[in-house]
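A.B. asks: coordinates for the following, if possible.
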Amino acid sequence: MRNRIEGFENGQLDLGRLINDLHSLIAALEHPTDDWKQRFLADWWTLEQVYAVAIDRNELDRLPKQNQGLLLQAVAALKQLVLEAISSASRSSAESTS
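C.D. replies: Numbering: from 1, shown residues only. All right, here's what the predicted structure looks like:
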């Protein structure tokens, strides 16, 4: 997930692909907490809404500033959630091996 988000941030992945990839990856996750999954899906849904509006208004190449802001906030929140999950998994792994 982190690679996909960073690919989007670097301009290597378009918004539609990011949305689809994240949706597939969240479905494949094993045992995410309900809270984590709800927060992730809420931010993912923001991406989906911004994308749908942009398609409807033919604005994919030039998102209005308000939508750009929503998009950047949601991507940052998703990245933070993924980093938290990675950190938590690393701690759990270290605790189980000690």
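
A.B. asks: so where do the helices sit in the chain?
C.D. replies: 2-9, 15-28, 34-56, 65-97 (DSSP state H).

A.B. asks: reformat those as a markdown table; add mean pLDDT.
C.D. replies: Putting these into a markdown table (pLDDT from 0 to 100) gives the following:
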| stretch | mean pLDDT |
| --- | --- |
| helix 2-9 | 94 |
| helix 15-28 | 92 |
| helix 34-56 | 95 |
| helix 65-97 | 85 |
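
A.B. asks: could you dump those helices into JSON lines with mean neighbour count added?
C.D. replies: (Glycine included, C-beta is placed from N, CA and C.) Shown next, in JSON lines, are the helices of the chain (neighbours: other CB atoms under 10 Å):
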{"stretch": "helix 2-9", "mean neighbour count": "16"}
{"stretch": "helix 15-28", "mean neighbour count": "15"}
{"stretch": "helix 34-56", "mean neighbour count": "15"}
{"stretch": "helix 65-97", "mean neighbour count": "13"}
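
A.B. asks: can you pull up the most central residue in the protein?
C.D. replies: L78 (4.1 Å; CA atoms, centre = their mean).

A.B. asks: and that one, what is it in contact with?
C.D. replies: L78 makes contacts with 1, 5, 22, 40, 43-44, 47, as judged by CB atoms under 8 Å, 6 or more residues apart in numbering.

A.B. asks: L41 contacts H23, doesn't it?
C.D. replies: No: using CB atoms under 8 Å as the test, L41 is too far from H23 to be in contact (9.1 Å).

A.B. asks: returning to what we had before: reformat the contacts of L78 as TSV; add distance to L71.
C.D. replies: Below are the contacts of L78 laid out as TSV (distance: CB to CB, whole Å):
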residue	distance to L71
M1	17
I5	12
L22	13
F40	16
D43	10
W44	12
L47	7
